[in-house]
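>>> Build me a structure from this.
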Amino acid sequence: MNHASRIDKTVRNIYDTFDNPGANPLEAGLGDIDSWIESLDGLGGSALNGLQKELRNLRSYVERDDRPAIAATLQMLGTETSRIASNMHSLTDNTGDQLRHLGQTLVIAAGNLKMS
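Modelled structure (predicted):
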C-alpha cells in the first residue's frame, strides 16, 4: 500500500470510529497503529522517531482505554504531522496535502474525544 492510500485509509478509519464507535473493533485500530509504527521503522530522523514513540504510547493508551491520554496523544500527533507536512509543498504526489489533512483529522479527533 502506498503512502497516499495508507493516509486516506487512516483518515477514513478515524472518522468511522467516531461515527460508529461500537462497530470498530479494538484490534483493527491497534493494527492501524502498528502499521504506522512499522512504516516509520528505519526511516530515521528525530521527528519520525518521536512520532513512532507517540504511536507506541497511543497503542498502550488505546489498550487501556485511557481517553484523556489518547486525546492528548492524538493532539500531539496531529500537530506534529501538520508541521512535517508544511515542509512538503514541493512534492508532486500530493503527500504533503494528504498529511495536512491527516494532521487536521487527528486534531479534530482529539477534540471530539475530549468532548465525549
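>>> Touching the lengthiest helix in the chain from outside, list them.
Using DSSP state H, we find that the single longest helix of the chain is helix 95-115. For helix 95-115, contacts defined as CB atoms under 8 Å, 6 or more residues apart in numbering pick out 3-4, 7-8, 10-11, 14-15, 17-18, 67-68, 70-72, 74-75, 77-90. Bear in mind the C-beta positions are built from the backbone N, C-alpha and C, glycine included.
>>> Same question for that helix: list its buried residues.
Buried positions in helix 95-115, judged by neighbour count with 16 or more other CB atoms under 10 Å: 96, 98-103, 105-110, 113.
>>> which residues of the chain score low on pLDDT?
1-3, 21, 44, 89-93 (pLDDT under 70).
>>> ok, the closest residue to S116 other than its chain neighbours to D8 distance?
Distance criterion CB to CB, 6 or more residues apart in numbering; nearest residue to S116, sequence neighbours excluded, is R67 at 7.6 Å. Counting by CB to CB, to the nearest Å, the gap from R67 to D8 is 26 Å.
>>> Repeat that for A72.
Following CB to CB, the distance that separates A72 from D8 is 25 Å.
>>> Settle it for me: which of those two has more neighbours?
More crowded of A72 and D8, by other CB atoms under 10 Å: A72, with 18 against 15.
>>> Report the contact partners of that one.
Neighbouring residues of A72 by CB under 8 Å, 6+ apart: A110.
>>> Next: the one 5 residues further on.
With contact set as CB under 8 Å, 6+ apart, L77 has these partners: L51, E54, L55, L58, L106.
>>> so which helix or strand takes in it?
Applying DSSP states H and E as the criterion places L77 in helix 67-85.
>>> Okay, angle between that helix and helix 95-115 too, please.
For helix 67-85 against helix 95-115, the angle by axes from the mean of the first three to the mean of the last three CA atoms, to 10 degrees is 160 degrees.
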